[in-house]
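# Following is a predicted model, sequence given first.
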Amino acid sequence: MIFARTTSVDQTKELAAALAELARAGDLLLLVGDLGAGKTAFTQGFGAALGIDDLITSPTFTLVNSYVGRLEMHHLDVYRLDGLAEFEDLGMAEMLDDGGVTVIEWGDAVAPALPADYLEIRVAFDEVAVALDPTGASDDVRVLELVPVGPRWAARIRAVATAVAPWIHEPEGDD
């Protein structure tokens, strides 16, 4: 598990771009976080680093957007799904087999229906920074927890740590 901290939307995108350099065909990333935490900003940075020139927006209503770059990127937002059966109807198996990368916002909601081989990225507001700064200037500070699940990303965990080294952050209270 790796903890990273960004202080702006641009830094969140830069961190995502650094991770995209490690992306391989068939990779799966699950983004987890509250509304407005930065999941779509992360995906925008990730996609831009894959060479995607299109405007990347959250597919909240369309559920899936696909983009072509160095690798095809499937971007899913499963927030509005009623259950795993609806998710399975989206053709997830085909997306994972087509040689692209799949990024799922609210991915924890559908994790039981996925192969146990992905990088989970938990994006959260840095509540400590916000609490210490009543001016609101810290509203863009995020803590990202990167957790490899399964062999694909576990084998690359050192490369992941190197890629996100500029943003590495140890949470308060951990010794």
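It's in.
# Could you list the residues in contact with stretch 86-93?
Residues outside stretch 86-93 that contact it (Cβ atoms under 8 Å, 6 or more residues apart in numbering) are 63-64, 76, 78, 81, 102, 110, 113-114. Bear in mind the C-beta positions are built from the backbone N, C-alpha and C, glycine included.
# I misspoke; the intended subject was stretch 70-78.
Contact with stretch 70-78 is made by 23-25, 43, 46-47, 50-52, 56, 58-60, 63-67, 87, 90, 95, 98-107, 109-110, as judged by Cβ under 8 Å, 6+ apart.
# which of the residues in it are buried?
With burial defined by 16 or more other Cβ atoms under 10 Å, the residues of stretch 70-78 counted as buried are 71-78.
# Now do it: distance to the chain's middle.
Distance, stretch centre to chain centre, for stretch 70-78: 11 Å (Cα atoms, centre = their mean, to the nearest Å).
# again with stretch 16-31
From the chain centre to the centre of stretch 16-31 is a distance of 8 Å (Cα atoms, centre = their mean).
# Tyr67 is in contact with Gly51, correct?
No: counting by Cβ atoms under 8 Å, Gly51 does not reach Tyr67; the two are 9.5 Å apart.
# Just checking, which helix or strand succeeds the helix or strand bottoming out on mean pLDDT in the chain along the chain?
One helix or strand of the chain scores below all others by mean pLDDT, DSSP states H and E: helix 127-132, with a mean of 60. Following helix 127-132 in sequence order, the next helix or strand is strand 142-149 (DSSP states H and E).
# ok, the buried residues of stretch 70-78 vs Leu35, which is closest?
Distances from Leu35 to those, taken as Cβ to Cβ, are shortest for Asp77 (11.4 Å).
# how far away is the closest one from Ala113?
Going from Asp77 to Ala113 by Cβ to Cβ, to the nearest Å gives 15 Å.
# Now do the contacts for Ala113.
84, 87-88, 92.
# what about the helices in this structure?
9-20, 39-49, 84-88, 92-97, 127-132, 151-154, 157-163 (DSSP state H).
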